[in-house]
Every structure is written in C-alpha cells, then in structure tokens.
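Enquirer: Structure here, sequence nowhere to be found:
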C-alpha cells in the first residue's frame, strides 16, 4: 500500500463519517478513560515491573496516536501549540522514555479525555449515535469538564503531597481536600504543607473556585437549546421556544418529535 493511501486511511479513521471511523474514535476515548483509572489505582503503589511495563505500553499507544495525528494535521505548527498536544508530549516522555525519572507527570493523562471529548468528530459521533447526548449535550460536556478538572487538581495535590504530608495518605484524601476547597467548605482537617503546598492551595482557591462555580452553574442552570436566531443572533433558547425572547423573531427549532 502506498504512503498516500496509508495516510488517507488514517485520516478517514480520525475524521471520517463511517461507522468504523466512529468505532475507532470511541475506542480511543475508552482507552483514555482507562488510563485515568490506571493512574488512580497505581500512583500510590511502588512501581513494579508489571506497572512499568503497562506504563510503557500506554506511552507507546499515546505516541502512535500522536504521530498519526501529527502526520495528517493540515496545520502542524498550530497543532503543536495546543495544550493537549503539549500534555501528550509530556506523557510520552514520562511513560515511554523515562518512567523511572518522571512518572509523577502521568497525572497529565486526564487531559486526554478532555481533548477527545472536545474533538469535533467525537462530538459529531455522539450527536448522531446517542439521543441522550443530543438532548443534554451541554450538561454532559460541562459535567465531563468538571469531572476532569477535579481529577486533574486532585492528582496534582496527591502527587505533590503524598509521602510528605501525613494528612494526604491516599487519593481519596486528596479528592476530599480538593472538593472541600473548590466548594469553599474548607473544614480545615486537611491542609497542604510546605511552600509548594501552600502555593498550590492558593492557586486552587483563586483560580479553581471560580472555574468550579462556572462549570457547576452550567450543569445545574435551567436547560436550554442551541439555535441561532436569524434576526439578532441569540444562540440559547428555551426548549419549547417559538419566538426569540430578545427580538421576538419566530423560531423554527428542529425537534425529534414526540416519539
């Protein structure tokens, strides 16, 4: 098979509309979710040959995915500047090239789930294949964003405080501290120690709380549907709206009927 045909085949898997392409992208998404679970279950463990081998396998798969996406990317410099690409490079270095030196950087794997769900092609697949996703897309995406954000911050707290902070003995302890801080509850029974820990706590309080509240608001606020008003351009309307509440223009919002 010629190089051009191989490249076209890979491009169709990542961007095509066929059922096989959708299954391929779903498989990648499941792989990313699996790596998050693997990280949570193995970070606190002393690295064993089996864990290190699994790290290298995961790193190899991420490397293959990265090379394939870079090969078919129409604008390679732009792709290399994206935060998810930078995270992939760090993960590849930590898992595939230097597992003994930089294993703690593995917490960046949670960013891969966020990258995949934000992919236009994955969102398109979910809209086409899942009625539930079409009806509640904004809530589902916001929930995933919130979950990934919490797990990322929790992983950062755990990696930087585990073994140095007697209050952080498990991932659950780090999760408890993160959620209590983000929700401004702050029971005070767990605190971060050292200069790095205090700076991390300040970062969570200043940046994290605002982002947490914004994502939580997107989940729990009244559900609306996206439809651009042809007159004023308003894009969010009530589910049963027949007129734009901003300019009064009649709306023709497509629905799935009463099935």
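Expert: Yep, that arrived. Model, not experiment: these values are computed from the prediction.
Enquirer: where do the strands sit along the stretch 101-250 of the chain?
Expert: Along the stretch 101-250 of the chain, counting by DSSP state E, counting those that start in this stretch, strands occupy 224-226, 236-238.
Enquirer: Any regions of the protein where pLDDT drops low?
Expert: Applying pLDDT under 70 to the chain picks out residues 1, 40, 43-46, 96-120, 218-225, 239-240, 254-259.
Enquirer: That one: helices as residue ranges?
Expert: 3-15, 19-42, 49-72, 76-81, 83-92, 110-117, 120-129, 131-135, 137-161, 171-182, 194-203, 209-220 (DSSP state H).
Enquirer: could you say what helices and strands the longest one packs with?
Expert: The contact analysis (3 or more C-beta pairs under 8 Å, 6 or more residues apart in numbering; DSSP states H and E) places helix 137-161 against helix 19-42, helix 110-117, helix 120-129, helix 171-182, helix 194-203, helix 209-220. From N, CA and C alone the C-beta is placed, and that goes for glycine too.
Enquirer: Repeat that for the third one.
Expert: Judged by 3+ C-beta pairs under 8 Å, 6+ apart, helix 49-72 is in contact with helix 3-15, helix 19-42, helix 76-81, helix 83-92.
Enquirer: okay, the angle between the last one and helix 49-72?
Expert: Compare the direction of helix 83-92 with that of helix 49-72 by axes from the mean of the first three to the mean of the last three C-alpha atoms, to 10 degrees and you get 140 degrees.
Enquirer: Provide the angle between the direction of helix 83-92 and the direction of helix 19-42.
Expert: Using the same axes, to 10 degrees: helix 83-92 against helix 19-42 is 60 degrees.
Enquirer: Helix 83-92: which residues count as buried?
Expert: 84, 85, 87, 88, 90, 91, 92 (16 or more other C-beta atoms under 10 Å).
Enquirer: Closest one to residue 47 out of those, please.
Expert: Ranked by distance to residue 47 (C-beta to C-beta), those are led by residue 91 at 16.1 Å.
Enquirer: returning to what we had before: what's the most buried one of the helices and strands packed on helix 49-72?
Expert: helix 83-92 (a mean of 18; mean count of other C-beta atoms under 10 Å).
Enquirer: need the helices and strands packed on helix 137-161 in JSON lines with distance to residue 237, can you?
Expert: Compiled in JSON lines, the helices and strands packed on helix 137-161 are given as follows (distance: least, C-beta to C-beta, whole Å):
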{"stretch": "helix 19-42", "distance to residue 237": "29"}
{"stretch": "helix 110-117", "distance to residue 237": "24"}
{"stretch": "helix 120-129", "distance to residue 237": "18"}
{"stretch": "helix 171-182", "distance to residue 237": "31"}
{"stretch": "helix 194-203", "distance to residue 237": "37"}
{"stretch": "helix 209-220", "distance to residue 237": "16"}
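Enquirer: Figure out which of those is closest to residue 143.
Expert: Nearest of the helices and strands packed on helix 137-161 (C-beta to C-beta): helix 209-220, 5.6 Å.
Enquirer: Run through the neighbouring helices and strands of that closest one.
Expert: Applying 3+ C-beta pairs under 8 Å, 6+ apart, we find helix 209-220 packed against helix 137-161, helix 171-182.
Enquirer: rewinding a little: which one of the helices and strands packed on helix 137-161 lies closest to residue 138?
Expert: When the helices and strands packed on helix 137-161 are compared by C-beta to C-beta, helix 209-220 sits nearest residue 138, at 6.7 Å.
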